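**Q** here is the input, now give the coordinates:
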Amino acid sequence: MTSDAPTVFIVDDDRSVRTSLARLMRSASLESETFASAKEFLDRERPNGPGCMLLDLSMPGSTGLELQQDMAAADIDLPIIFLTGHGSVPSSVKALKSGAVDFFEKPIDDDRLLSAIKGAVEQSIRTWRDRARLSEIRGRVARLTPRELQVFRLVVLGKLNKQVAAELGMSEKTVKVHRARVMQKMEADSLAELVLLANQAGEVSSDS
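**A** Next comes the predicted model:
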């Protein structure tokens with residue numbers, strides 16, 4: 001799966017359910033992959049793009065809830081829609097509290113399921129875009145020299161050039177040079193934008 005092709009992962013021990021759901025995904029022009037167990041899914045190469053999961057709650061071996069926990073531990077961030085033929089209020093509450101986006105009892109209404117999948121995929125796409133943006137910003141920070149990074153961190157705290165110069169033991173002229181390079185490397189057009197980028201990159205603590 002590539003990052004520009006959202007995929008619906010179907011994990012259910014019932015072959016007929018997997019086949020039916022895969023057919024439904026094709027009818028909606030959605031890519032899908034099917035797995036008969038939690039182990040099959042975890043043995044697969046790690047998903048590298050947006051998508052969602054249709055996950056059976058009750059399966060032999062690892063249950064759907066256990067797979068949900070394993071995914072969280074492995075930082076596999078896919079919105080989960082639980083499916084079950086043996087639904088219970090406690091199970092659905094536990095699944096939703098653990099981050100599932102929806103819960104359906106079998107037999108499932110196709111239109112309602114497709115609507116839930118659409119919402120889950122859109123959520124996943126936003127998450128992946130945010131991650132890509134964060135990676136890009138952190139890449140810009142990584143281009144800064146150690147001295148530029150020091151200047152960057154002080155400037156975004158609101159310190160004036162003369163204050164930065166005093167703290168780092170350099171002239172104001174040198175601070176201005178470093179500051180200009182920071183703005184260029186961070187691709188920021190203003191101090192406000194630089195502060196925003198610093199916050200997004202985690203370079204400014206919430207209590208600063």
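**Q** what's the domain layout of the chain?
**A** 7-133, 143-201 (automatic domain parsing).
**Q** figure out how far the first one is from the centre of its chain.
**A** Between the mean C-alpha location of domain 7-133 and the chain-wide mean there is a distance of 15 Å, by CA atoms, centre = their mean, to the nearest Å.
**Q** now do it: distance from first to last residue.
**A** With CA to CA, to the nearest Å as the measure, the ends of domain 7-133 fall 21 Å from one another.
**Q** any idea which of the domains of the chain scores lowest on pLDDT?
**A** For these, mean pLDDT drops lowest on domain 7-133, to a mean of 88.
**Q** excluding chain neighbours, what is closest to M59?
**A** D13 (4.5 Å; CB to CB, 6 or more residues apart in numbering). In short, each C-beta sits where N, CA and C put it, glycine included.
**Q** repeat that for Q200.
**A** Sequence neighbours aside, I137 is the residue nearest to Q200 in space, at 5.3 Å (criterion: CB to CB, 6+ apart).
**Q** which SSE is that neighbour in?
**A** Per DSSP states H and E, I137 falls inside helix 110-142.
**Q** show me the contacts for the spatially most central residue of the chain.
**A** Central residue of the chain (CA atoms, centre = their mean): T127, 3.9 Å from the mean position. Under the criterion of CB atoms under 8 Å, 6 or more residues apart in numbering, the neighbours of T127 are 50, 77.
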